[in-house]
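Novice: coordinates for the following, if possible.
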Amino acid sequence: MLKKLLLYAFRWQLSSPILAVVMAIVKGTPNWFGTAEEWKAAAIANLVGSLIFFWVDRFIFTSGAVEVWNFKDNGVCDQCGKEESLWRLVKASNYDKSGSEPKFLCMGCSKKKTDELRAKGIKIRGKSK
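Specialist: Sure thing, here's the model as predicted:
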């Protein structure tokens, strides 16, 4: 976990040059590249931001609070054989098919499947039509 946090903090630090330059321009600093204080402030702000948002992002992307869908513009439905745009629900609250064989469904079959999942208590965004 510490290794992931350090990588995350490093990624945030990559935006420090942009933040320092923007601060310098907005403040009207004569040197548009920024002062040492602006660079220090950018680095500290990004360190604090990374320490806060590491946990927020971790919650969002591992809690099931966000659904994950895969889409195909054109294809053949794995259930009925109809050719059209397809999608597949990969992850939702209490539902994870990320390790299984992908099955892409057309609109009609997908609606039936999501209705079945909702009946089982799986929370899926949107309303059943």
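Novice: excluding residues flanking it in the chain, which one is nearest Pro102?
Specialist: Arg88 (5.7 Å; CB to CB, 6 or more residues apart in numbering). Bear in mind the C-beta positions are built from the backbone N, C-alpha and C, glycine included.
Novice: wait, the one you found sits on Phe104?
Specialist: Yes. Counting by CB atoms under 8 Å, Phe104 is a contact partner of Arg88 at 4.9 Å.
Novice: who touches whichever strand or helix holds Leu89?
Specialist: Using DSSP states H and E, Leu89 sits within strand 83-92. Defining contact as CB atoms under 8 Å, 6 or more residues apart in numbering, one finds that strand 83-92 is touched by 64, 67-77, 95-98, 102-107, 110, 113-114, 117, 122-124.
Novice: before we move on, back to that, what residues are shared contacts of Arg88 and Phe104?
Specialist: Common contacts of Arg88 and Phe104, defined by CB under 8 Å, 6+ apart, comprise Asn70.
Novice: ramachandran angles for the residue nearest the centre of the chain?
Specialist: A centroid search over the chain (CA atoms, centre = their mean) returns Phe61, at 6.3 Å, as the residue closest to the centre. Main-chain torsions, Phe61, degrees, to the nearest 10: phi -90, psi 0.
Novice: residues touching it, list them.
Specialist: Applying CB under 8 Å, 6+ apart, no residues contact Phe61.
Novice: please repeat the previous calculation with a cut-off of 10 Å.
Specialist: Val68, Lys91 (CB atoms under 10 Å, 6 or more residues apart in numbering).
Novice: distance of it from Gly49?
Specialist: 17 Å (CB to CB, to the nearest Å).
Novice: thinking again about what came up before, which ones among the contacts of strand 83-92 lie within helices?
Specialist: Among the contacts of strand 83-92, the ones falling in helices (DSSP state H) are Met107, Ser110, Lys113, Thr114, Leu117.
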